[in-house]
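> Starting from these lines, generate the structure:
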Amino acid sequence: MASIRKRGNILWIRYYDKVSGKERAFSTKLPPTREGYVEARKMLKQFESKETLNIGFDHFTTSITIQEGLEEFLSIKALKPNTIRLYKLAVNVLIYICGDKKIGGYNQTDYKKLVLGFKKKNLSQNTQGIYTAHLHGLFNYFVECKYIQENFIKTIQRKVKLKETIDDRDLQVILDRLKDHNKQQYNFILFLLITGFRISTAVALDWKNIDWVNGYIITPNVKRSRDFFFPLTNDIRYLLHHIGIKKDGKIFDYSINGLRFFSRVQRRLIEGNIIQKEYSLHQLRKIFITKLLEKGISIHKVRALADHTDIKTTLNYYASVNVKQVGEE
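Predicted coordinates:
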């Protein structure tokens, strides 16, 4: 007996497959509105009128294009805007290299064409890894939905980069320049240095996140949609008092897209031959992690402070610390 089920923002037809002995489902591509249910019931009747359920399933799934499949996937998954952007970008690259087809029209040959297209466009191994990882996840979903039999997209492994920190002398020069010209920017950079917070976490921080009594910051992890607790050290207390404590509102009045000042001040210093290269804001987080490890703090404590889900991420920083120490020795 087949039935209509709501999954995310899409109506699905669910049924029992006598051949495989399992429950299967396919998308109607219709929204869960009154009109959507009316059309879905028509599709259900048409589906049940087939001589075999497998014929009906093939009839409906072969008409789904890769773009429609992507829209369906994104409507069901709770993903961050940047992750959604990467999925769309990966599919656009697939279409550009292999053509716009029905989901069932892609095969192993298309994957080979995709990899060859990467090489022709001189894409880095890390970029190839990002594209194939997202396509692999998408095609895994298509396999789960029985749109295709197997996932032929293989993820290209990304190279692990050594975690480069900022030269101590260059960092001091940058801090001095900011301190002399813009105290607000200087305070923000100093906060990133003494907390190791992700940029997205720092700009989302509200004064209400500061628990002065118990001595911790209830820190929003924007990347993972959850909170974690960070100790309110004396250095942080001093800096927040210097900024000017408020009852509510954002601590730092910045957006992620409005943090170009760090690059601008460095470009002027490079033009004056004062520093040799430009650094990223994320490298401030790397400094925080590597300094803790160099001081002998437990890898598990550092993982907690850095809010790394996987300790392997912290170990990647640890490896770079060892390389640096060997070089100094």
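> Residue 307 - how many residues pack around it?
The local packing of residue 307 (other CB atoms under 10 Å) involves 20 other residues. For the C-beta atoms, the positions are set from N, CA and C on the backbone; glycine is no exception.
> Now do the residue sitting nearest the centre point of the chain against residue 290, distance only.
The centroid of the chain falls nearest to residue 83 when counting by CA atoms, centre = their mean (5.0 Å). Using CB to CB, to the nearest Å, we find residue 83 at a distance of 27 Å from residue 290.
> that older thread, would you mind giving both backbone torsions of the residue nearest to the centre of the chain?
With angles defined as degrees, to the nearest 10, residue 83 sits at phi -70, psi -40.
> got a pLDDT number for it?
Among the per-residue scores, residue 83 holds a pLDDT of 88.
> Next: residue 136.
95.
> can you check the one 3 residues further on too?
The predicted local confidence for residue 139 comes out at a pLDDT of 94.
> List every C-alpha atom in the longest helix along the chain, with coordinates, as PDB.
Counting residues, the longest helix found in the chain (DSSP state H) is helix 125-144. Extracted in PDB, the C-alpha atoms of helix 125-144 (Å, rounded to 0.1, in the frame of the first residue of the first chain):
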ATOM      1  CA  GLN A 125      43.700  19.600  -5.300                       C
ATOM      2  CA  ASN A 126      42.000  21.200  -2.400                       C
ATOM      3  CA  THR A 127      39.400  22.800  -4.700                       C
ATOM      4  CA  GLN A 128      38.800  19.500  -6.400                       C
ATOM      5  CA  GLY A 129      38.400  17.900  -2.900                       C
ATOM      6  CA  ILE A 130      35.800  20.500  -2.000                       C
ATOM      7  CA  TYR A 131      33.800  20.000  -5.200                       C
ATOM      8  CA  THR A 132      33.900  16.100  -5.100                       C
ATOM      9  CA  ALA A 133      33.100  16.000  -1.400                       C
ATOM     10  CA  HIS A 134      29.900  17.900  -1.900                       C
ATOM     11  CA  LEU A 135      29.000  16.000  -5.100                       C
ATOM     12  CA  HIS A 136      29.600  12.700  -3.200                       C
ATOM     13  CA  GLY A 137      27.300  13.800  -0.500                       C
ATOM     14  CA  LEU A 138      24.600  14.800  -3.000                       C
ATOM     15  CA  PHE A 139      24.800  11.500  -4.900                       C
ATOM     16  CA  ASN A 140      24.700   9.600  -1.700                       C
ATOM     17  CA  TYR A 141      21.300  11.100  -1.100                       C
ATOM     18  CA  PHE A 142      20.300  10.100  -4.700                       C
ATOM     19  CA  VAL A 143      21.300   6.500  -3.900                       C
ATOM     20  CA  GLU A 144      19.300   6.600  -0.600                       C
END
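> List the buried residues in it.
When neighbours are counted by 16 or more other CB atoms under 10 Å, the buried residues of helix 125-144 are found to be 128-139, 141-142.
> Touching that helix from outside, list them.
Contact partners of helix 125-144, identified using CB atoms under 8 Å, 6 or more residues apart in numbering, comprise 69-70, 73, 86-87, 89-91, 93-94, 103, 114-115, 118, 123, 148-159.
> If we use 6 Å, what do you get?
With contact meaning CB atoms under 6 Å, 6 or more residues apart in numbering, helix 125-144 is reached by 73, 86-87, 90, 93, 103, 118, 148, 151, 153, 155-156, 158-159.
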